[in-house]
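# I'll drop the sequence and a predicted model, then ask my questions.
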Amino acid sequence: MARDQIDMTPLQSRDELVAWLEAGEKPPSEFRIGTEHEKTPFTLEGHKPVPYEGAHGIGMLLEGMQLLLGWEPIMERGNIIGLHDVTGGGAISLEPGGQFELSGAPVETVHQTQAELMAHLAQVREIATPLGIGFLGLGMTPSWSRAQIPVMPKGRYKIMTNYMPKVGTLGIDMMYRTCTVQTNLDFSSEADMVKKLRVSLALQPVATALFANSPFTEGKPNGFLSFRSEIWRDTDNARSGMLPFAFEDGMGFERYVDYALDVPMYFVKRGDAYIDVSGTSFRDFFAGKNPAMPGERPTLSDWANHLSTIFPEVRLKRYLEMRGADGAPWGRLPALPAFWVGLLYDDVSLDAAWDIAKHWHAHERQALRDDVPRLGFKSRIKDHYLFEIARECLALAHAGLRRRARIDHLGRDESRHLEPLDHIIDSGRTPAEDMLEKFEGPWRGSVEPAYAEYAF
């Protein structure tokens, strides 16, 4: 999750909320790629969760990273909770259960994404290995119970932890036990935003299947290929899902603002304090009617924070955020930005991708999204298996990246980063199905080998 923004200008009109989103528009020559990935820390000895405190804790890991990188520490009530690179724009942050997130800097090519990732992993290893900490590249912790997982010292997470059980049964699991990889991409205009939002929402289940990687809970198969994706179906349906309104006539920045105004808030940040306003609407806050802060009106910072607590399958901020993929081993991470850049940053592929999805109805998109956590490629929409659609999308991504023709130092274009997905399509099986086969076979009914095979 991004750093909480600081801009204390009180808001006067809804137009300012719309303008804030609109300010994300960029000419295509300035389009960038941002990739965020989370990984679960574990003790190399015993494969246990890593606490924040102590000589071998996550606090020490962050302090070591700060010394190594020279990045700005992000502090909360005397605890280091993240790092920020003031020069390049990257950041390291903690998810509620200690999941370690790199929010990559905005870069121009997938080659640069991969280079950034390799540098990050080398740096993290240098500090983590002497502390006895490893990292796991799965969509969900395969062996720990909720009760075992430590809580990171961040005020916003306390508020969310208290609120989650009121609005769904799996929100605590989402916070403490899951990991994702996301990619953030730009738009050039309102129409471009709408088109990319529609294509990426409709096709998000393709990414979910290609990256499905969370088939175990507490040491046993959980009946799903992406349990992380299933968790989102019952976390908080007021702030997640497939945004059916995005496909209706009249969709644009204003329509998203109207949606966001009615999504219940979690918190308002004032100075170092998080004020619990969970369940109240931004619309009421906007009218000066928040019961916790009577008469007070929100700032642009409050708006930016609120937008970061909305969790649909694709999220609109000043860019579009692809949210459908499980966390993955390091070799597969650059494939996610490669996939979406190939589809969305090339006009021919974008048009062809829309041709695939434009005749689907809202209930069909929803049914596909509901089926994919359990069925993966065997999910269907109209008369097609998702596997066929995934194969078609991957071909479009290849073509889009070839046309983009961003060449690395060895003369290769970005389509080489799709190779892990080519292997998945060639095998016809999601990564989760491979893991389940190992569990039944060479792993002999234990998930412990995952801590070696899927470690960073």
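Received the coordinates, thanks.

# list the buried residues of stretch 256-273.
By 16 or more other CB atoms under 10 Å, the buried positions in stretch 256-273 come out as 256-257, 259-261, 263-269. To be clear about C-beta, it is placed using only N, CA and C from the backbone, and glycine gets the same treatment.

# dump the residues you listed into TSV; add secondary structure and distance to E313 as well.
Below are the buried residues of stretch 256-273 laid out as TSV (DSSP: H, G, I helix; E, B strand; the rest coil; distance: CB to CB, whole Å):
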residue	secondary structure	distance to E313
Y256	helix	14
V257	helix	19
Y259	helix	14
A260	helix	15
L261	helix	20
V263	coil	15
P264	strand	19
M265	coil	21
Y266	coil	19
F267	strand	23
V268	strand	26
K269	strand	26
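
# can you put those residues in a markdown table and add distance to D186 and pLDDT?
Listed next are the buried residues of stretch 256-273 as a markdown table, based on distance: CB to CB, whole Å; pLDDT from 0 to 100:
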| residue | distance to D186 | pLDDT |
| --- | --- | --- |
| Y256 | 16 | 98 |
| V257 | 19 | 98 |
| Y259 | 21 | 98 |
| A260 | 20 | 98 |
| L261 | 24 | 97 |
| V263 | 23 | 97 |
| P264 | 29 | 97 |
| M265 | 27 | 97 |
| Y266 | 27 | 97 |
| F267 | 28 | 97 |
| V268 | 29 | 96 |
| K269 | 27 | 93 |
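
# mind listing what H398 touches?
Shown in contact with H398 (CB atoms under 8 Å, 6 or more residues apart in numbering): 342, 415, 418.

# show the contacting residues for the residue with the largest distance to the centre of the chain.
No residue in the chain sits farther from the centre than G295, which is 34.9 Å out by CA atoms, centre = their mean. Listed by CB under 8 Å, 6+ apart, the contact partners of G295 are G288.

# now do the SS call for it.
Using DSSP: H, G, I helix; E, B strand; the rest coil, the secondary structure recorded for G295 is coil.

# if I look at it, how far off is G82?
33 Å (CB to CB, to the nearest Å).

# from L436, how far off is Q182?
According to CB to CB, Q182 and L436 sit 25 Å apart.

# so which of the two has more stuff around it?
Q182 (23 against 17; other CB atoms under 10 Å).

# next secondary structure after the strand or helix carrying that one?
Using DSSP states H and E, Q182 sits in strand 180-185. Later in the chain than strand 180-185, the nearest helix or strand by DSSP H and E is helix 190-210.

# distance from the chain centre to that following helix, please.
Chain-centre distance of helix 190-210: 14 Å, with CA atoms, centre = their mean, to the nearest Å.

# still on that earlier bit, partner strands of the strand holding Q182, with direction?
According to DSSP bridges, strand 180-185 forms sheet pairs with strand 33-43 (antiparallel), strand 320-326 (antiparallel).
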